[in-house]
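Participant: Give me a 3D structure for the following:
(chains A and B, ligands or ions: 1)
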Amino acid sequence: MGDSKLFPHPREWAGELESSLAETLERWAESELMAKRLELKESYADLLEPAMRKLFLEIGLQRLLWPEEHGGDGHNRPSAALTAASALEQVARGDVGIAFALACLFALQQSVAMEGSVKSEACEELSPLIGSNDKLALVAPVLPLFRERPQATAKAVRGGWSVEAVGARPAAFGGNASLFAVLCSLEGSDHEMGILAVPAEAKGVEKGDPLKRTGLAADVHCPVSFSRVRVPEALAVALGPEECRAFAAWLFLGISACCVGAMFSAFEILREWGDNRVIKGRDNVFKENPLTASVMAEVAKEVSLSRILTWNLARMISLPEVYGPAGSEDNLVTALMIAHQVAQSAERATHQAMEMMASAGYAKEWNLERYWRDVKTLQLALGPYELAKMDVSRRFYRAVTL
Amino acid sequence: MRTIDDFTRPLEYLSPLDDPLGKIVREWAEEHVIPYRRSFDEDWKDHELIEPAFKVLMGELGLQRVLFPEDLGGWGLGHSNYAGTASYRLMEEVARADSGMAVAFGVVFWPLVMICMEPHVNRTLCEEFAPIFCNTTEPRFAANAMTEPQGGADIENFEIVKGSTIRTTAVLDGDEWVINGHKLWPTNSGGVCNLFGVVCTTNPGSEDPNDFAFIFVPADTPGVTQGPPYEKAGMAADKNGDIWFENVRVPAHYRAHGPGLDLLYFKEVITFGNMGSIAFVGGAMMNVYERLYQFVSEETYRGRPLKEHDAVAGVLADIARDIDIIRIVGYQYARMIDRPDLYGPRWDDEMVAKGRAYKYWACDRAIEDLGKAMNLMSTYGADRDWDVEKHWRDLKIVQLWMGGKQLCQAEVARWFFECETL
Ligand SMILES: Cc1cc2nc3c(=O)[nH]c(=O)nc-3n(C[C@H](O)[C@H](O)[C@H](O)COP(=O)(O)OP(=O)(O)OC[C@H]3O[C@@H](n4cnc5c(N)ncnc54)[C@H](O)[C@@H]3O)c2cc1C
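Facilitator: Next up, the predicted model:
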């Protein structure tokens, strides 16, 4: 079993569900991914898709946050933010890309399925996919790339929307998405923006050629164009800035938790190295050397602090009565700061773990380098840090022109 | 428009070959590498795309010959007083296109430094091995086999470990060395090597510098087995694998110089390794500048090019600053290599320590800057099509090889602060 228990998190926030789910997912990661990856490497068809099917469909995480009345498990209260974080950590320990897929799905589900504000028509439209025993609900968020304009526009037409975008870049899962969550600027609506759920098989959706990317092999990434794609009114899953921000806050929480899970794995690989490698030629066990021990300590610190931060973010999102709605401006900025901080920690930790393992860290055989690539790729889904900082300054210093 | 040639280098001491060589290599890169490099990662095992580019550079243009004396078909760089600055430029230009190719190409000369460089030319061995490289238009590869399964850093950590962990043994039997051992990771192994320079011990466990031996082994000698290449995070153009030496017999005179001198001049090999590493980093980062320049000029934010956003420009400035300084430092070190009369022998601990300092500094800067460059590009930063992520993956190993960062730190502290037990 993994080492995640070593890393502190506020245990009083984790209930029975979080603990038992974490254990199930730890086992899933080990049997479906870790045990097979030396042989199957990063094969989508042979390793990642089957593992995803087991997770989403058999274990049923696709239905976890879905309302019971729509065929789900009914964990659709804000407290699910903690459930999501604890699940994503363990999934990402096995594969960061698969965890990111789940994070994207959770972000969409919370938009329509939160107790007290369930959007029943949207749930009905989406239930055949999410409740399916056969189809993977892979959600590709299409968000502004440089924190500016949405990449797509939607015009109100009779009974729904018509979506347009040319060569838009999803944050992930363009090629294998079953559903696009497209943030659009809205024409003919009271709301300036909204997120529309666009089924991948809808007429007018055109996926481009898959792109070669640094990491996240579960993400079959490609640009996508929408040409007069008709979307029923019910599939406007988020309307107005606050609901769109809630989607983003959940996504940022997901990215944070994925980074923590990736760090769990990097830590475990490094710990094994530290226990067994000998340097300085004198039976000097690696971890007992002050210079290397100090770098290894940095890795442990990054994992620990990142986990504490991520759980705190989940806690804030899970208590709207204390912290306000997930989509408040304040919560979004907090989520953004934490996600960037944790992603940077994950980048540093995986870099440092590789430094400790030298050529073994660089060889695919040791599996460390994939977490390093995955974490970096995932970080880029947050958009440029320099531009995110403008949001932070706007909030804390009341800057108005940034 | 600014170009990579606007990055500073000390013009007053460039080699006379700088211009012509730089031009030849840049043209080669534009024609034979840059159009294909986005498919190199998938070509890591077979080198179907990579090999033809090596053939042009090394075999047809003849750059694999540069270190050998002219009368043996080489270009005489080993006899010149500009081997450092000329080879720095070569490595930098190749690395701009592909640092994996630069490594594979540069390492051809790495073991040959032992025998081709003044003042310790081993004429007999030059005569013996020059034909491998000079009498052909096919690419020929040499490898410097130091690293062993139990650890690479220890083998380079001469000051403290003193060669005592080397397990590859060389035993003199009549007028032949008999070599046994297992090496891994050398650049240009994985099946492509023609000539190995092998770090051995003549007395396992010994800390006596006289027992350190550097022995050449042609790859087709009976008893040499090269394993297949490893799959890595990047640097597909460099093949690395296991090599087993089982009762391999080579003539006694294949030992580079003999007791004491092998270790002494091997430190010069480390010096060149550090210089090459800086050149790989500098060259690749110059290409990062080119690609990033295009990206931040084309991509817009609030109706203006991304580069016109002050906060973005601050990061761009940091990146350009680092590339400029890496280049200046790299050429400075190359110059120190070229002028032992001013800076001391290339195998001095001072030269080795300073090379380690510059190398790990350049690597740290580059890795951090690459991370930031990818970040500025948002999701495009992870696209192979933009090349920046390739350099990020490739350059990581430059930071990790040759003993890794901590060995660099130990050696630098050891020299500057005269630490005794590190
Ligand atoms: C693409 C590539 C090309 C390569 N080319 C060559 C080549 O041409 N020839 C060759 O012989 N090898 C080559 N190598 C191997 C490389 O040089 C070694 O990987 C490197 O020297 C580190 O050795 P190691 O991997 O065995 O790690 P170790 O020796 O186990 O070291 C691991 C880490 O331990 C730490 N460490 C080690 N010793 C100390 C110490 N005394 N104090 C503090 N910290 C310490 C460092 O952080 C180091 O990074 C190559 C590797 C790659 C991936």
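Participant: alpha carbons only for contacts and neighbour counts from here, please
Facilitator: Will do.
Participant: Can you measure across stretch A:225-245, start residue to end residue?
Facilitator: 24 Å (Cα to Cα, to the nearest Å).
Participant: scratch that, stretch B:138-145 is what I was asking about
Facilitator: For stretch B:138-145, the end-to-end distance is 22 Å (Cα to Cα).
Participant: How about residues contacting that stretch?
Facilitator: Contacts to stretch B:138-145, defined as Cα atoms under 8 Å, 6 or more residues apart in numbering or on different chains, come from residues B:54-55, B:58-60, B:64, B:104-105, B:107-111, B:132-133, B:183-189, B:192-199.
Participant: Out of those, list just those in helices.
Facilitator: In helices, defined here by DSSP state H, the members of those are B:54, B:104-105, B:107-109, B:132-133.
Participant: residues in contact with residue 180?
Facilitator: Defaulting to chain A. A:139-142, A:174, A:196-200.
Participant: Actually, chain B is the one I wanted.
Facilitator: Here residue B:180 is in contact with B:168-170, B:244-248 (Cα under 8 Å, 6+ apart).
Participant: now residue B:125
Facilitator: Counted by Cα under 8 Å, 6+ apart, residue B:125 has contacts B:115, B:253-254, B:256.
Participant: before we move on, what about residue A:376?
Facilitator: A:215, A:343, A:347, B:371.
Participant: Check the spacing between it and residue A:298 real quick.
Facilitator: Relative to residue A:298, and taking Cα to Cα, residue A:376 is found at 18 Å.
Participant: since we're on the residue nearest to residue A:56 when sequence neighbours are not counted, how many residues are nearby?
Facilitator: Spatial nearest neighbour of residue A:56, chain neighbours left out: residue A:62 (4.7 Å); criterion: Cα to Cα, 6 or more residues apart in numbering or on different chains. By other Cα atoms under 10 Å in any protein chain shown, 27 other residues sit near residue A:62.
Participant: can you check residue A:15 too?
Facilitator: Residue A:15 - counted by other Cα under 10 Å - has 11 other residues nearby.
Participant: same thing with the one 4 residues further on?
Facilitator: Applying other Cα under 10 Å, we find 15 residues neighbouring residue A:19.
Participant: swap in residue A:329?
Facilitator: Neighbours of residue A:329 (other Cα under 10 Å): 18.
Participant: quick one: it from the ligand, how far?
Facilitator: 43 Å (Cα to the nearest ligand atom, to the nearest Å).
Participant: Likewise for residue A:393?
Facilitator: Distance from residue A:393 to the ligand, by Cα to the nearest ligand atom: 38 Å.
Participant: which residue sits closest to residue A:265, ignoring its sequence neighbours?
Facilitator: Counting by Cα to Cα, 6+ apart, the residue nearest residue A:265 is residue A:93, at 5.2 Å.
Participant: Pull the residues that contact the helix or strand containing that neighbour.
Facilitator: Using DSSP states H and E, the element containing residue A:93 is helix A:80-94. Applying Cα under 8 Å, 6+ apart, the contact partners of helix A:80-94 are A:13-14, A:17-18, A:21-22, A:25-26, A:29-30, A:33-34, A:65, A:98-100, A:102-103, A:106, A:250, A:253-254, A:257-265, A:310-311, A:314-315, A:317-318.
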